[in-house]
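> could you work out the structure for the sequence below:
(2 chains)
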Amino acid sequence: MTDSAIPKPVSQSRAVWQQFRSHRGAMAGLVILGLLLAFVLVGPLIWRVDPAYINPDAAAMIKARNKPPSWASPLGTDQLGRDMLARMMAGGKVSMAVGMVAMAISILLGTFVGVLAGYFRRLDGPLMRLTDLFLALPLLPLLLVMVMLFRDTLAGILGPELGTFLLIVFAIGVTSWMQSARIVRGEVLALKEREFVLAARSIGTPPSRMILRHILPNVMSPIMVAATLGIASAIITESALSFLGLGFPPDFPTWGRLLFDGVDYLTQYPERVIWPGLAISLTVLSVNYIGDGLRDALDPRIRGR
Amino acid sequence: MFTFIVRRLLLAIPTLLLISLVIFLLVDFAPGSPMSEIPLTVPPDVRQKIIESLGANEPVWWRYLLWLRQFFWVEPLHLWDHLFGTAFAEGQQRIVSWQSRSPVFDVIAQRVPQTLTVVGTAYLFGVLIALPIGIWSAYRQYSWFDQLGTFISMVGYSVPTFFTGVLLIVIFAVNLHWFPSTYDTTLKVTDWASFWQQVRQMALPVTVLALFNAAEISRYTRSAMLENLGQDYVRTARAKGMSERTVLLKHVLRNSLIPVVTVIALGLPTVFGGAIITEQVFKVNGIGAALIGAIHANDLPMVQTLTFIFAVLIVLFNLIADILYGVLDPRIRYD
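The predicted structure follows:
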């Protein structure tokens, strides 16, 4: 047997990337998500129109209302003469930020609960019953109730924008950690029986270091997949809340809020609904595809086949 | 099996009690209280009377126990009276909505038929669409049909219902005038013309919900079928000379349906939750719309009762899914 018959060993991250690249949907998702991110992050640097600008001169404002697409405003203007393109960019930034932060909260909580339940046998029962309890809660109604009850108070303390943002992000995070907790617990339970954990324990590694150095790095891949899919569901939940009128305040655009505002003008200006809806759908679709590809790429049973 | 069901039922009781407590406390301790809704121009003694008439001046634990008693004892008694013409619940206080001052369960009884017609039909259609698509996608894996099917189910799963709903309204109601954009709850089906009108007004909401459900169920069906198609018993069946039809529809499908049936059972309560949005888009006057209305009107008893009913549905269908799994799959033994 010659050397050439043995394939050259590749590093793990490289192997993952190669598998990920072979997933066409995931690559398309990555490109589209990149374009959308560029649209909301780089876009405002190029298209320097204030999304909240309403012409103070009433006559000029009325003339600038409900304009069809033109060079001055490529997506037209809304019922108060605000530029739709600038509002789409600003709204996307908020929607994506909500998705990321809510996902981070939910993943942190889920990993925390999952690791504790999987690692410490005494905590397993109570924590899993807690997870089951949360899974049995009707989440959308509870989210609506939470937002309705706490919005005004928090807005009074922290200001309408920051208050609503924190409330929504926190509410979504607190109601979506259960899946990742279950996945992480299962992985930790399996890892605990492995030899390297036994070896680490036999040299007297304390539990905190055990979890941080030996357990957590090995449960990273399911966490990453759960995180990707979590962004998608957080974005959908936020826009659903905004759509039901229980999200961000009216003059603070998010994609869900823009869609909600557009519904009133559905018959005359359907494009005001279609643009934000399309943006939400494309973001969620591409994130879901990336999650799919990531799951395949991180699964050693599929990788390399 | 019997002991398993009994044990699960007994376990469901503390779960539901805890959930009801969580819901009650969350709604109750929140700063946005209904008392702040009473205008400041109302004199203090009248204000006090209003609060007393709502029963909102009692301590929290007292109101919680009263609500529990009303929910689990008085309301079932009322139902019994209503059905059999007895008078057990005569004079007992029911859960009263602060918004309409009528019993919460009367409002729910008025709203349930709309939700069940629209959401139930949609779920049925969703399952009927999803199963053939899932089966054929798995059988012809990587064919153009499979590629298209998985893409569409990914789209249907990712695009939120409020966008598909609005999009369908723009296309079919605003531009083509094929269907009405809103659901007329007062329509009574008496003859063929009104039946046709009912079908037309149900078309759009049912399409939206059915697509969303079909996307999820077809994904599950496909992966369950794929898992079973690779099993040894399939090869054996083919080697025996059975027709592809028998192999696919008798052997593989039966085994693949076990997880799918449980997924369908688990999805039933979430359909009620998801219907909140669809009901809002098409103005269907169902349970979801009742919840949204109650939330906007700060109607605490209504919100608490509806949310708790959703929780009961979730726990119930979880239990049904578990039992179904045990009944259908002889490999699963709970005892």
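
> how about the helices of the stretch 51-200 of chain B, start to end?
B:60-69, B:75-84, B:104-115, B:121-139, B:144-158, B:161-168, B:192-229 (DSSP state H, counting those that start in this stretch).

> by contact count, what packs against the shortest one?
Counting contacts by 3 or more Cβ pairs under 8 Å, 6 or more residues apart in numbering or on different chains; DSSP states H and E, helix B:161-168 is packed against helix A:220-243, helix A:255-263, helix A:271-298, helix B:192-229, helix B:253-282. Any C-beta I mention is one placed from the backbone N, CA and C, and that applies to glycine too.

> for the last one, same thing?
In terms of contact count using 3+ Cβ pairs under 8 Å, 6+ apart, helix B:192-229 is assigned the packing partners helix B:121-139, helix B:144-158, helix B:161-168, helix B:253-282.

> quick one: contacts for the one residue in the stretch 201-305 of chain A that gets nearest to chain B?
Going by Cβ to the nearest Cβ, chain B is nearest to residue A:277 of the stretch 201-305 of chain A, at 3.7 Å. Residues in contact with residue A:277 (Cβ atoms under 8 Å, 6 or more residues apart in numbering or on different chains) are A:255, A:259, B:160, B:162-163, B:166-167.

> could the helices of the stretch 51-200 of chain B go into TSV alongside distance to residue B:181 and mean neighbour count?
Formatted as TSV, those follow (distance: least, Cβ to Cβ, whole Å; neighbours: other Cβ atoms under 10 Å in any protein chain shown):
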stretch	distance to residue B:181	mean neighbour count
helix B:60-69	39	14
helix B:75-84	36	14
helix B:104-115	16	18
helix B:121-139	17	20
helix B:144-158	21	17
helix B:161-168	9	23
helix B:192-229	7	20
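
> what's the least confident stretch among those helices?
Note on those: helix B:75-84 shows the lowest mean pLDDT, a mean of 78.

> how far off centre is that helix?
24 Å (Cα atoms, centre = their mean, to the nearest Å).

> could you check the angle helix B:60-69 makes with that helix?
30 degrees (axes from the mean of the first three to the mean of the last three Cα atoms, to 10 degrees).

> among the helices and strands of chain A, which one scores worst on average pLDDT?
Every helix and strand in chain A was compared by mean pLDDT, DSSP states H and E; the lowest is helix A:58-63, with a mean of 71.

> that one: what's the following helix or strand?
Using DSSP states H and E, the next helix or strand after helix A:58-63 towards the C-terminus is helix A:84-119.

> check whether that following helix contacts chain B.
No: counting by Cβ under 8 Å from any Cβ of the partner chain, chain B has no neighbours in helix A:84-119; the shortest distance is 11.9 Å.

> that helix - what's its average pLDDT?
When pLDDT is averaged along helix A:84-119, the result is 89.

> got the angle between it and helix A:220-243?
Helix A:84-119 and helix A:220-243 are oriented at 130 degrees to each other (the same axes, to 10 degrees).

> show the backbone phi and psi for residue A:69.
Per-residue torsions, residue A:69: phi -60, psi 140 (degrees, to the nearest 10).

> not counting sequence-adjacent ones, nearest residue to it?
Closest residue in space to residue A:69, ignoring its immediate chain neighbours: residue A:76 at 4.9 Å, by Cβ to Cβ, 6 or more residues apart in numbering or on different chains.

> any idea which residue is closest to the centre of chain A?
The centroid of chain A falls nearest to residue A:231 when counting by Cα atoms, centre = their mean (1.8 Å).

> who in the stretch 201-305 of chain A is up against chain B?
So the stretch 201-305 of chain A meets chain B at A:232, A:236, A:239-240, A:243-246, A:259, A:263, A:266-267, A:270, A:273-274, A:277-278, A:280-281, A:284-285, A:288-289, A:292 (Cβ under 8 Å from any Cβ).

> buried subset of the residues you listed, written for PyMOL?
Buried subset of these, written as a PyMOL selection, criterion 16 or more other Cβ atoms under 10 Å in any protein chain shown:
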select buried, chain A and resi 232+236+239+240+243+244+245+246+259+263+266+270+273+274+277+278+280+281+284+285+288+289+292
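
> backbone dihedrals for residue B:190, please?
phi -120, psi -40.

> and residue A:247, which of the three is it?
Using DSSP: H, G, I helix; E, B strand; the rest coil, the structure places residue A:247 in coil.

> what does the domain assignment say about chain B?
Domain assignment for chain B, taken from automatic domain parsing, gives B:2-84, B:110-328.

> so for residue A:193, which of those domains sits nearest?
Nearest of these to residue A:193, taken as Cβ to Cβ: domain B:110-328 at 25.4 Å.

> distance between the ends of the closest one?
Length of domain B:110-328, first residue to last, Cα to Cα, to the nearest Å: 36 Å.

> for residue 68, what are its contacts?
Since you didn't name a chain, this refers to chain A. By Cβ under 8 Å, 6+ apart, residue A:68 lies in contact with residue A:76.

> not quite, go with chain B.
Neighbour list for residue B:68: B:17, B:20 [criterion: Cβ under 8 Å, 6+ apart].

> burial measure for residue B:172, as a count.
17 (other Cβ atoms under 10 Å in any protein chain shown).

> I figured it was touching residue B:204, is that so?
Yes: between residue B:172 and residue B:204 a contact is recorded at 6.4 Å, counting by Cβ atoms under 8 Å.

> hey, what's in contact with both of those two?
Common contacts of residue B:172 and residue B:204 (Cβ under 8 Å, 6+ apart): residue B:179.

> near chain B, which residues of the stretch 51-200 of chain A?
A:132-133, A:135-142, A:144-146, A:148-153.

> so which of these are in strands?
Among these, DSSP state E puts none in strands.

> ok, of the residues you listed, which come out buried?
A:133, A:136-142, A:144-146, A:148-151.

> before we move on, back to that, where's the residue nearest to the centre of chain A relative to residue A:101, distance?
With the distance defined as Cβ to Cβ, to the nearest Å, residue A:231 ends up 10 Å from residue A:101.

> is it true that residue B:217 touches residue B:134?
Yes: Residue B:217 is within contact range of residue B:134, at 7.1 Å (criterion: Cβ under 8 Å).

> which neighbours do those two share?
residue B:260.

> my guess is residue A:124 meets residue A:118, correct?
Yes: in terms of Cβ under 8 Å, residue A:124 counts as a neighbour of residue A:118; the distance is 7.2 Å.

> which one of those two has more residues nearby?
residue A:118 (26 against 16).

> ok, for that one, nearest residue in space, not its chain neighbours?
Of all residues not flanking residue A:118 in the chain, residue A:188 sits nearest, at 2.8 Å (Cβ to Cβ, 6+ apart).

> got a list of what the one you found touches?
Contacts for residue A:188 (Cβ under 8 Å, 6+ apart) come out as A:114-115, A:117-119, A:215, A:219.

> name the element it belongs to?
Going by DSSP H and E, residue A:188 is part of helix A:178-192.

> dump that helix to PDB, restricted to CA.
Extracted in PDB, the C-alpha atoms of helix A:178-192 (Å, rounded to 0.1, in the frame of the first residue of the first chain):
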ATOM      1  CA  MET A 178     -36.600  24.100  26.300                       C
ATOM      2  CA  GLN A 179     -35.600  22.400  23.000                       C
ATOM      3  CA  SER A 180     -31.900  23.200  23.400                       C
ATOM      4  CA  ALA A 181     -31.900  22.200  27.100                       C
ATOM      5  CA  ARG A 182     -33.200  18.700  26.100                       C
ATOM      6  CA  ILE A 183     -30.700  18.300  23.300                       C
ATOM      7  CA  VAL A 184     -27.800  19.400  25.500                       C
ATOM      8  CA  ARG A 185     -28.900  17.200  28.400                       C
ATOM      9  CA  GLY A 186     -29.000  14.100  26.100                       C
ATOM     10  CA  GLU A 187     -25.500  14.900  24.700                       C
ATOM     11  CA  VAL A 188     -24.100  15.400  28.200                       C
ATOM     12  CA  LEU A 189     -25.600  12.200  29.500                       C
ATOM     13  CA  ALA A 190     -23.900  10.300  26.600                       C
ATOM     14  CA  LEU A 191     -20.600  12.200  27.100                       C
ATOM     15  CA  LYS A 192     -20.400  11.400  30.800                       C
END
